[in-house]
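> What follows is a predicted structure for the sequence shown.
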Amino acid sequence: MAARVAILTDRPGWHGRELQRAFRALGVQTEFASLSDCRFDLETPRAGVHVPGFDSGPPDAVFVRSIEAGTFEQVTLRLSLLHALREMGVPVYNDARAIERSVDKSMTTFLLRRHGIPTLPTWVTERHSVARAVLMREGARGHELVLKPLFGSQGKGLERLGSTSTIPADSRVGGVWYLQRFLDGGEGNWHDWRVLVAGGRTVAAMLRRGRSWVTNVARGARVQAVDAMGELARLAIEATAAVGADYAGVDLMRDASGSWFVLEVNSIPAWRGLQAVTPVRIADALAGDLASRYLCSSRIRLAPAPMR
Ligand SMILES: Nc1ncnc2c1ncn2[C@@H]1O[C@H](COP(=O)(O)OP(=O)(O)O)[C@@H](O)[C@H]1O
Ligand SMILES: [Mg+2]
């Protein structure tokens, strides 16, 4: 019988179709399911997790493509369902632990530093007075700061603070100020790098040139493919391993002296912008990586994953 993989997403869209096609090419069946429709099955003696479309048994693996936003309770439940699937022996790609560790930017920064991976000086606090003191101290040294939402993505809600700025109120930041030294690329020369890593190897990489200092594709950055080599590749691979992710989109910047810094690790990255500029079929690389590591080889048609 063919292996069956659940692609967890509330909106399959382009990414879902790409994954479905890539898994089909490996002889793997897929079903889309929303995490909010998954549930704990606590009536059976051993308890389990029910995933829609998998009535006769759990999926052979789960690909987490999106986790819907929700209340603290809803998101906790959804993450618990992913943890529970792992407890049941179902491979979860990326696992809840990796997702938790990378969704919280402070935890990512902590792990990057613990693993000796260069990242920018960063402060995280629940105290407005501490945030203000950091801003004053950094300002006196001639540095600006970037304030980021702890759970942010796609460049949303970022704010640049100079020595004359005021620290925004706690209601604006959910009561947590995540402050990072601003690395100035120079007016009009805003850029950073995004590297997609899977299975300990780079899949593809791009240079993003921003319309503003926030260079996310969602903010209108222009992108071009680059070869992920040397430090860029090494740091992206190490950063992915540091959060314990199977695959990740890693953002990096470089200072005037050429030193690299890892900005963040995305454990549920979108890849449409990257796909537009790279010949590598990204969904094939991800599906191939999941299948080769987590699915029984007698139940898949494995072709070499198109990786570099
Ligand atoms: N410390 C920084 N210095 C300069 N630019 C930054 C800094 N942090 C973030 N940026 C810019 O903002 C973008 C978004 O920041 P990032 O930390 O990746 O958050 P998000 O999860 O919203 O993508 C980066 O791609 C980069 O262009
Ligand atoms: Mg980013």
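Noted; the coordinates are in hand. Given the structure is predicted, the values throughout are model-derived calculations rather than measurements. Numbering: from 1, shown residues only. Ligands and ions are numbered 1, 2, ... in the order given.
> from here on, contacts and neighbour counts on C-alpha atoms
Will do.
> Touching the helix or strand in which residue 100 is found from outside, list them.
In the assignment (DSSP states H and E), residue 100 maps to helix 96-103. Applying CA atoms under 8 Å, 6 or more residues apart in numbering, the contact partners of helix 96-103 are 79-80, 82-83, 107-108, 150-152, 243-245, 264-268.
> what does whichever helix or strand comes after it contact?
Sequence-wise, the next helix or strand downstream of helix 96-103 (DSSP H and E) is helix 105-114. The contact list for helix 105-114, computed with CA under 8 Å, 6+ apart, reads 101-102, 118-119, 122, 124, 150-151, 178, 239, 242-243, 264-265.
> now, which of the contacts of helix 96-103 lie within helices?
Among the contacts of helix 96-103, DSSP state H puts 79, 80, 82, 83, 107, 108, 243 in helices.
> Once you drop chain neighbours, what's closest to the fourth one?
Read that as residue 83. residue 96 (5.7 Å; CA to CA, 6 or more residues apart in numbering).
> How many residues are close by the one you found?
23 (other CA atoms under 10 Å).
> Could you do the one 10 residues further on as well?
Around residue 106 there are 22 other residues, counting by other CA under 10 Å.
> Retrieve the pLDDT associated with it.
pLDDT recorded at residue 106 is 97.
> tell me which parts of the protein are close to ligand 1?
Residues of the chain that fall close to ligand 1, judged by CA under 6 Å from any ligand atom: 146, 152-156, 180-184, 192, 213-216, 251, 263-264.
> Show the buried residues in the residues you listed.
Buried residues within these, counting neighbours by 16 or more other CA atoms under 10 Å: 146, 153, 155, 180-184, 192, 213-216, 251, 263-264.
> Beta-bridge partners for the spatially most central residue of the chain, please?
Compute the mean C-alpha point of the chain, and by CA atoms, centre = their mean the closest residue is residue 266, 1.6 Å away. Residue 266 has the following beta-bridge partners by DSSP bridges: residue 249.
> OK, contacts around it?
Residue 266 sits next to 102, 103, 248, 249, 250 when contact means CA under 8 Å, 6+ apart.
> For the third one, which non-adjacent residue is closest in space?
Spelled out, it's residue 248. Among residues not flanking residue 248 along the chain, residue 267 sits closest, at 4.8 Å (CA to CA, 6+ apart).
> The one you found contacts residue 241, correct?
No - between residue 267 and residue 241 there is no contact under CA atoms under 8 Å: 11.1 Å.
> Compare neighbour counts for these two and give me the winner.
Using other CA under 10 Å, the more surrounded residue of residue 267 and residue 241 is residue 267, with 28 against 21.
> separation between that one and residue 197?
10 Å (CA to CA, to the nearest Å).
> Overlap in contacts, these two.
Common neighbours of residue 267 and residue 197 (criterion: CA under 8 Å, 6+ apart): 247, 248, 249.
> Regarding the closest residue to ligand 1 within the stretch 1-150 of the chain, what is its secondary structure?
Proximity of the stretch 1-150 of the chain to ligand 1 (CA to the nearest ligand atom) peaks at residue 146, 5.6 Å away. For residue 146, the assignment made with DSSP: H, G, I helix; E, B strand; the rest coil gives strand.
> correct me, but it touches residue 177?
No - applying CA under 8 Å as the test, residue 146 and residue 177 come out as separate, 10.0 Å apart.
> residues making contact with stretch 183-203?
By CA under 8 Å, 6+ apart, stretch 183-203 touches 204-215, 228, 232-233, 236-237, 240-241, 246-256, 280, 282, 285-286, 289, 307-308.
> can you give me the strands for the stretch 51-200 of the chain?
Ranges of strands within the stretch 51-200 of the chain are 61-64, 92-93, 122-125, 145-148, 159-161, 177-181, 191-198, based on DSSP state E, counting those that start in this stretch.
> Check the offset of the helix or strand following the last one from the chain's centre.
Note on strand 191-198: by DSSP H and E, the next helix or strand toward the C-terminus is strand 201-209. Here strand 201-209 shows a centroid-to-chain-centroid distance of 14 Å under the convention CA atoms, centre = their mean, to the nearest Å.
> repeat for stretch 159-179
On CA atoms, centre = their mean, the centre of stretch 159-179 falls 24 Å from the chain's centre.
> Mind listing what's buried along that stretch?
So, applying 16+ other CA under 10 Å, buried residues of stretch 159-179: 160, 161, 162, 163, 167, 173, 176, 177, 178, 179.
> which among those gets closest to residue 274?
residue 160 (26.4 Å; CA to CA).
> Nearest spatial neighbour of the closest one, chain-adjacent residues omitted?
residue 146 (4.6 Å).
> who's the one you found bridged to?
Residue 146 has the following beta-bridge partners by DSSP bridges: residue 160, residue 180.
> Make CSV out of the strands of the stretch 51-200 of the chain and add mean pLDDT.
Converted to CSV, the strands of the stretch 51-200 of the chain look like this (pLDDT from 0 to 100):
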stretch, mean pLDDT
strand 61-64, 98
strand 92-93, 98
strand 122-125, 98
strand 145-148, 97
strand 159-161, 96
strand 177-181, 98
strand 191-198, 98
